[in-house]
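Engineer: got a sequence here, can you build the structure:
(chains A, B and C)
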Amino acid sequence: MSAQNKSTGLAEALNGGAGGAPLSRKSESLWADAARRLLRNRAAILGGVIVILLLLTAIFAPFIAPRTFAEQVLVDNNVVPSWVPRVFPSMRDYARISGDYLLGADYVGRDLFSRIIYGTRISLTVALIGPLISLLIGVTFGSISGYFGGRVDNLMMRIVDVLYGFPGLLFIILLMAFFRGTLSQPEPGTFAYTMSEIDRRMGGMFFIFIGIGLTAWETMARLTRGQVLSVREKEFIEAAHTIGAGNLRIMFRHILPNIVGPLVVSETLTIPSYISTEAFLSFIGLGVNPPTPSWGAMISDGSAVVRSYPNQTIFPALALAITMFAFNFLGDGLRDALDPRLRGTQ
Amino acid sequence: MGRYIVRRLLWMLVVLLALSAITFFLMHAVPGGPFDREKALPPEIIANLEQRYHLDEPLLQQYARYLYDVFIPHLSRTPPGRSLMDDHLININLRVGGLWLKWMNFGPSYHSLSRTVNDIFRQQLPISAQLGTMALCVALIIGVPMGIMAALKQNTIFDYVGMSVAIFGVSVPVIILGPILVWIFGVELRWLPVTGWGASPPYILGFLPRPSVEFFRYAAMPSVALGLGSSAIIARLTRASLLQVIREDYIRTARAKGLAERVVIVRHALKNSLIPVVTILGPMFAALVTGTFVTETIFGIPGMGRYFVTSITNRDYPVIMGTILLYAVFLVVANLVVDIVYAYLDPRIRYT
Amino acid sequence: MRTKLFAVASLLVVAALALTACQPAGTPIVQTVIVGGTPMVVTATPAPPPAGPKVLHLNMGPGDIPTIDPALSTDTSSVQIVEETTVGLTRQNEETTALEPGMATSWDISEDGLVYTFHLRNDVPWVRYNAVTGEVEQVMDCSEEPQPRIVNAYDFEYGILRTLNPATASEYAYVLAFAIAGAADYNAGVITDTTQVGVRAVDTYTLEITFNEPAAYNANIAGMWVAHAQPRWLIEGDDCTEGQGDRWTETGFFQGYGPYTLKEWVHDYYITLVRNPFWPGSDNIPQAAIDEINWVMLDEVPAFAEFEAGNLDVAGVPSAELDRVRADPELSQLLVIAPVLCTYYYGFNTQAPIVNDVRVRRALSMAIDRQALIDNVLKGGQEPAQWFSRPGLAGAPTMADHPDLGVHFDPEAARASLQEYLDETGQTADQLNITLMFNTSSGHQRIAEAIQQMWAENLGINVQLTNQEWAVYLDTIKDPVATPQIWRLGWCQDYPDANNFIREVFAVGGSANPNGAGGGGVGWENPVFEELVVQAAREQDPAARVELYAQAEQILVYEDAVMIPLYWYTRNTLTRPYVTRTFSVLGGLEHIEKWDIAPH
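Structural biologist: This is a model prediction of the structure:
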């Protein structure tokens, strides 16, 4: 890749440059160049701003939310603000109006708006941890597999096959049985006790990480492998070999930047699946315990009343969609910014 | 290539054996058994049940018995009959000495007492496969064109709107989209059936439905609900990949040669840009076929997704084992097909 | 170009679908017509479709019916089919729970109360549905001039013995094994000679059963589905019939003799029963009026959608939709709230820390506003439970005659009770570490969350919630060591008597108290309580029985506060106005031969 860039630059210089670019150019590092290009991408900036806002919401939730997430007013169950029945006219017959709740209340009278705000914490954590695990493990695995090919590739991909088919649900039930609830008073010093302590310290998120870690990286590994397979045959890789570059250097300095595009995009797209994994885990008892809110759990709770009180599921889903937008445009911007072939261009 | 395929299929056997061992011992390690009831059964009854299903034997012996039944073809004098314990997927009459060659007996279901796992495969797997295929078609029909258009008109309104729609598609899970579709098209407008499936045996080639309007009417909403999320992924991936490929040198060369833009895109760019898309098609198809639980519940479709999840709750061991092995076969074959298609799409990829 | 082609093609497909799915037949057409210069709105209703067979569309609930073999049936959906396609010696009325004759028109009881001689009717043939002719036909025997096979005592003898046969591995065999002489040994494999089991066909239409005890419920047990007649020739085969073994209940093979028989069963999808014209009918089991019953197997939410779309005749209302249904002018007319003989409760592990003190338990129980829970969370017209054995069971106290029995919402008394404990141990309420466990389900979670809040507000105690998958949960709450401090369960009747509730659940050895003081479940032993329930089981005078059970309940829910009764179940059902029906109290087991459909 670098070989290609050099030849283009030379050609430009010799020909006086396309469009009259000066012969001497200020040399920029990869990161400065990337940052400049990123900042020009309006959509990416919007995405970035939203992500920062979400982070701030998560951190300052107790100050922003009008109520706590656990506060129940039973008689206010399922109330809606006055503007909701105007949007969904079929609700007029039975919906009870209350001005106290910005977005309405859920089935036990908890404020939806506050719960969405607090839910930012869980969902953002999941949204960040998931891709982290997936990229770390999956990209490494897939790169090694695709790069070395042959027997190594075969063996590693067969391991991925086994893990694809792995009965995750069974395994999770097993975890749940051993580490939660069964041992309401586990003996200190046993493995089970240590595990539940870690879980408690992490606010109930430990098993979510395990659950996501189990499922997150296999697709990424295969995707990476596919990309590596197609890129490794290119001439510039051959060139790099010829000049004596080591395997590791080739993998990280040459191959990776070229394939990072589809990888990042694919990863940002799988964020909802992490959130739904988390919702599913919470539902079967391995996630955060009620009443701690998470968007995934709110969406699946709300799906039971989607006919009667659509606001209970639509608003968390909107929050999720906005988060998705933000991550996607940001991810796109990052990919464009980091693309070495665009280097030196607008 | 032929040798490569054979080698992969042999590896598939290894994968299946490994999975069967993991699942079997995991399954028995999880607390709770198939005969746990709220009001506990008397020990004599449990003894009878365990004897019937060989659950009173040592674990390794049960596992060995399972391997023998499922993986090893064996000869038998008795023709295939009505017993639940002796139902094989493949029965070949050798016509010599009254011998039959039987293979793949996944066992009886512990919960559905008049069915074997093979029955479930024969009757309900085709339905999940049909649903998955239809969902994949929806995903491709919507996703690929949208991605191409967004890539070609990058950073214009088409791009932003198209990708926004894609993001919405991913953010709205089936569990919300399904009931909404049912509400609008099934209950209010009554254009489409609310629940059910429009195909029944006999199937062509074992799983294809006979094409009919009924089939498409029943399949419409579930396929859309299931496929919409995947279409978004395909759209995004197509767009990203096509953008990357368009900037390659050989595309510049093709344009420089004076070829029409359409030819450049379709003949040169598309094939290579589809590689990442094809990569995920394999596991996506397998995931769609196996992950239909929520869709099947919402739309009342008698597929395997519902069965699999309830079999875990019921600790219906043969169904759990059989389904996991079956899904594994799906995944491995899907990945194999994907790898073969790789080689076709990109001649530079070689398998050593 | 290709993109555009795709777009156009897709539009065409959608359009085609929409066109084919247009207006269903039979809907009125409203038009504005000019008559003599004045516009008039005319509603033209097309002629009603020709009268076809009366078909009832019901929902069985999610998941396939496990079996319809009488010997193997355990759950309500299986028993529903068995009860329609075969008839027992005796039968329980689904509305009054009284015992009625079935296939046996009368029975004699010996002096010692152990030997029952049943006299069977002789005019009921075995039938099957012939898919080729589309008719129900009688099953013929193997003689030279084939005669219809008539249900006789040998069929019942075979049925009972087959259920008890250890090779059949029937779950409910334990009921017969418990009651019938020699049956337990046979079922356990101790003896193999069936003549030693207390079932004997004296002659073709006389069946003699010998029981172990002179109990009042012997005749009930003789009528249970596991003791229905079964067709030996179909299961094992004979000269003119191919034996179908385990598959004899499948479509195309099934043979029965009740008011309905099996027409078609597509697993995990639907099951259809068709009227049996050869069922002669009796006073309490009439000939069926409805020609076909079709059950689909849907989850509650899609089933309700189908009802609203007009494709189901009866449906349950998901609790989330109750608000909307009650406000809807049309649907609210169709809603019936019927009692169900079940109780929802939380149990205490009386040996676990903190809840081992009765004052804490009583405080927790009295701090729950059950009515608010029902009004705001459940919304199904349930009744707040003040004790365990649901009113309506034989022997159970009722709200009418015992309005102050048991436990009810009293936050002041609850706080006082808790304060005593806190003072003694020198703690504050928020220091108490208590866990409530339930099996994974959104319904249980809602109730638990509301109650968690009530405890926080009324007592200042923060209870942790946790849940587990069902099978694991069942193990956990019976385990002597692992049982959590508070756990949730419900109990429904096996037979409509308070004995089935309070004694079979909470007495030592009961389902929620497996080891008494040895731990597991409630882990509780109270000799006064034990004595009361044993005495009540034997007591013949109904009024005295109720008093005994009332005393036992008071100990259970107030004095020892071993469990928290929460609510007594009800059923919310929507039924189309053209269906005339009965409402069973037997946990949803209906007798559909008594229903009818009016033309509509």
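
Engineer: mind giving me the packing neighbours of the top helix by length along chain B?
Structural biologist: For chain B, the helix reaching the highest residue count under DSSP state H is reported as helix B:117-152. Judged by 3 or more Cβ pairs under 8 Å, 6 or more residues apart in numbering or on different chains; DSSP states H and E, the packing partners of helix B:117-152 are helix B:157-171, helix B:213-246, helix B:270-290, helix B:293-299, helix B:304-313, helix B:317-345, helix C:2-20. Every residue, glycine included, has its C-beta placed from N, CA and C.

Engineer: ok, and what's touching the fifth one?
Structural biologist: Going back to what we said before, that points to helix B:304-313. Contact partners of helix B:304-313, identified using Cβ atoms under 8 Å, 6 or more residues apart in numbering or on different chains, comprise A:169-170, A:173, B:109, B:111, B:120-121, B:124-125, B:127-128, B:290-297, B:316, B:319-320, B:323, C:62-64, C:268, C:469-471.

Engineer: what residues of that helix count as buried?
Structural biologist: Neighbour counts over helix B:304-313 (16 or more other Cβ atoms under 10 Å in any protein chain shown) mark B:M304, B:G305, B:R306, B:Y307, B:F308, B:V309, B:T310, B:S311, B:I312, B:T313 as buried.

Engineer: so it versus helix B:117-152, what angle?
Structural biologist: 120 degrees (axes from the mean of the first three to the mean of the last three Cα atoms, to 10 degrees).

Engineer: tell me the mean pLDDT over helix B:304-313?
Structural biologist: The predicted model assigns helix B:304-313 a mean pLDDT of 82.

Engineer: now find how far off-centre that helix is within its chain.
Structural biologist: Mean C-alpha position of helix B:304-313 versus that of the full chain (Cα atoms, centre = their mean, to the nearest Å) differs by 14 Å.

Engineer: just the longest one next, same as before
Structural biologist: With Cα atoms, centre = their mean as the basis, the distance from the averaged C-alpha position of helix B:213-246 to the chain average is 16 Å.

Engineer: tell me the first helix or strand C-terminal of it.
Structural biologist: Once the chain leaves helix B:213-246, the next helix or strand it forms, by DSSP states H and E, is helix B:249-257.

Engineer: list the buried residues in that following helix.
Structural biologist: Residues of helix B:249-257 classed as buried: B:I251, B:A254 (neighbour count, 16+ other Cβ under 10 Å).

Engineer: between that helix and helix B:213-246, how big is the angle?
Structural biologist: Inter-element angle recorded for helix B:249-257 and helix B:213-246: 90 degrees (by the same axes, to 10 degrees).

Engineer: quick one: the residue nearest to the spatial centre of chain B from B:G143, how far?
Structural biologist: Geometric centre of chain B, nearest residue: B:V289, 2.8 Å, by Cα atoms, centre = their mean. B:V289 sits 18 Å away from B:G143, going by Cβ to Cβ, to the nearest Å.

Engineer: equivalent analysis for C:P329, please.
Structural biologist: Computed with Cβ to Cβ, the distance linking C:P329 and B:G143 is 44 Å.

Engineer: so residue 137, which of the three states?
Structural biologist: In the absence of a named chain, this looks at chain A. Under the three-state scheme (DSSP: H, G, I helix; E, B strand; the rest coil), the conformation of A:I137 reads as helix.

Engineer: sorry, I should have been clearer: chain C.
Structural biologist: With three-state DSSP as the criterion, C:E137 was assigned strand.

Engineer: any idea of the pLDDT on the residue nearest to it when sequence neighbours are not counted?
Structural biologist: Excluding the flanking residues, the one nearest C:E137 by Cβ to Cβ, 6 or more residues apart in numbering or on different chains is C:N130, at 5.2 Å. The pLDDT attached to C:N130 in the predicted structure is 94.

Engineer: likewise the one 3 residues further on?
Structural biologist: Confidence per residue is given as pLDDT, and for C:T133 that number is 93.

Engineer: what's the neighbour count on it?
Structural biologist: Using other Cβ atoms under 10 Å in any protein chain shown, C:T133 is surrounded by 8 other residues.

Engineer: next one: C:T425
Structural biologist: If you count neighbours by other Cβ under 10 Å, C:T425 ends up with 12.

Engineer: low-confidence bits of chain C, can you list those?
Structural biologist: Under the criterion pLDDT under 70, the flagged ranges of chain C are C:1-51.

Engineer: go on, chain A?
Structural biologist: For chain A, the ranges with pLDDT under 70 are A:1-31, A:169, A:173, A:176-193, A:196, A:199-204, A:269, A:282-287, A:338-346.

Engineer: same thing but 50
Structural biologist: A:1-22, A:181-185, A:344-346 (pLDDT under 50).

Engineer: now it against chain B: closest residue?
Structural biologist: Of all residues in chain A, A:G165 sits closest to chain B, at 3.4 Å by Cβ to the nearest Cβ.

Engineer: looking at C:P329 and B:G143, which is more packed in?
Structural biologist: Per other Cβ under 10 Å, whichever of C:P329 and B:G143 has more neighbours is B:G143, with 26 against 7.

Engineer: tell me who's in contact with the closest residue to the more buried one other than its chain neighbours.
Structural biologist: For B:G143, the nearest residue in space outside its immediate sequence neighbours is B:I234; the separation is 3.1 Å by Cβ to Cβ, 6+ apart. Residues in contact with B:I234, defined by Cβ under 8 Å, 6+ apart, are B:A139, B:L140, B:I142, B:G143, B:V144, B:G147, B:V277, B:I280, B:M284.

Engineer: out of those residues, who has the most neighbours?
Structural biologist: The member of the contacts of B:I234 that has the most neighbours, counting by other Cβ under 10 Å, is B:G147 with 29 neighbours.

Engineer: from B:E261, how far out is that one?
Structural biologist: Separation of B:G147 from B:E261 (Cβ to Cβ) stands at 17 Å.

Engineer: cool, A:N77 as well?
Structural biologist: With the distance defined as Cβ to Cβ, A:N77 ends up 59 Å from B:E261.

Engineer: you'd agree C:W487 is in a strand?
Structural biologist: Yes. With the criterion set as three-state DSSP, the secondary structure at C:W487 is a strand.

Engineer: what strand or helix carries C:C342?
Structural biologist: In this structure, C:C342 is located in strand C:335-348 according to DSSP H and E.

Engineer: and that strand, how far out from the chain middle?
Structural biologist: Shown here is strand C:335-348, whose average C-alpha point lies 12 Å from the average C-alpha point of the whole chain (Cα atoms, centre = their mean).

Engineer: cool, and stretch B:171-188?
Structural biologist: Going by Cα atoms, centre = their mean, the spacing between the C-alpha centre of stretch B:171-188 and its chain's C-alpha centre is 23 Å.

Engineer: just give the nearest non-adjacent residue to residue 261, would you?
Structural biologist: Just going to use chain A. A:R335 (4.6 Å).

Engineer: try chain C instead
Structural biologist: For C:T261, the spatially nearest residue (Cβ to Cβ, 6+ apart) is C:N276, at 4.9 Å.

Engineer: what residues does the stretch 101-250 of chain B have near chain C?
Structural biologist: Within the stretch 101-250 of chain B, the positions lying close to chain C (Cβ under 8 Å from any Cβ of the partner chain) are B:108, B:111-115, B:119-120, B:123-124, B:141-142, B:145, B:148-149, B:179, B:182-183, B:186-187, B:190-192, B:194-197, B:200, B:213, B:216-217, B:220.

Engineer: ok, back up a step: can you pull the contacts of the residue of chain A closest to chain B?
Structural biologist: A:G165 makes contact with B:V15, B:L19, B:I324, B:L325, B:Y327, B:A328, B:L331, B:V332 under the criterion Cβ under 8 Å, 6+ apart.

Engineer: what's the answer for B:S128, then?
Structural biologist: Applying Cβ under 8 Å, 6+ apart, one finds that B:S128 lies in contact with B:V289, B:T290, B:T292, B:E296, B:G303, B:M304, B:G305.
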